[in-house]
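Trainee: Pasting the sequence and the predicted model now:
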Amino acid sequence: MIKSETVRVIDADGKQLGVLHLREALDMAAEQGIDLVEVSPNTEPPVCRLMDYGKFKYQQSKKLHKKNVQSSVHLKEIKLRPYTGKHDLEVKIRHILEFFDKGHKVKVSVMFRGREILHQEHGLSVLQQIIEAVKDSGIIEQETRMEGRNIVMILAPKK
């Protein structure tokens with residue numbers, strides 16, 4: 001695919017081998033069992049590199065995949081009850097702060113069973129305690145709302 005008769009060749013370690021005829025460069029690549037890849041076609045003479053092209057493409061795809069995986073933000077969920085004890089609530093708040101440190105968003109759910117649904121103010125007070133505890137390191141991304149028998153709120157870490 002290389003159109004030029006002469007090319008500047010760089011070996012697999014990054015050392016310049018100089019300007020060679022295309023046939024010489026291809027023979028050198030065949031001797032070493034690797035490929036001659038045109039890196040910069042617009043220069044005079046074009047720059048080519050001796051490398052294992054399949055391995056290069058594989059590493060590029062791994063880098064791209066790793067970048068996409070690292071940049072994703074996960075939504076963690078903390079489930080509570082309206083009459084959750086003080087100590088248990090403190091433990092849940094510590095978990096929320098740990099999730100914030102890792103860059104995750106947190107969905108806080110207060111679940112009601114049976115007649116507890118009549119006393120939603122207890123669930124709202126639990127959520128208010130959480131808001132007060134995490135206000136320094138987090139923000140409310142989605143206000144409290146009812147989802148069936150649950151009150152749900154989404155918190156996100158501050159930038």
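Mentor: Sure, I can see it. Numbering: from 1, shown residues only.
Trainee: Would you tell me what the next helix or strand after the longest strand belonging to the chain is?
Mentor: Longest strand in the chain, counting residues (DSSP state E): strand 138-147. Once the chain leaves strand 138-147, the next helix or strand it forms, by DSSP states H and E, is strand 150-157.
Trainee: strand partners of that next one, parallel vs antiparallel please.
Mentor: strand 105-111 (antiparallel), strand 138-147 (antiparallel) (DSSP bridges).
Trainee: just for this structure, where's the confidence low?
Mentor: 69-72 (pLDDT under 70).
Trainee: Leaving out the residues flanking it, which one is nearest to residue 138?
Mentor: residue 155 (4.7 Å; CB to CB, 6 or more residues apart in numbering). All C-beta atoms are positioned from the backbone trio N, CA, C, and that covers glycine.
Trainee: Same check on residue 43?
Mentor: Leaving aside its sequence neighbours, residue 43 sits nearest to residue 8 (CB to CB, 6+ apart; 7.5 Å).
Trainee: how about the helix or strand in which the one you found is found: buried residues?
Mentor: Taking DSSP H and E as the definition, one finds residue 8 inside strand 6-10. Neighbour counts using 16 or more other CB atoms under 10 Å place 7, 8, 9, 10 of strand 6-10 among the buried residues.
Trainee: unless I'm mixing things up, the last one is touching residue 17, no?
Mentor: Yes. Residue 10 sits in contact with residue 17 when judged by CB atoms under 8 Å, with a separation of 6.9 Å.
Trainee: next helix or strand past the helix ranked longest in the chain?
Mentor: In the chain, taking DSSP state H as the definition, the longest helix is helix 53-71. Downstream of helix 53-71, the next assigned helix or strand under DSSP H and E is strand 75-80.
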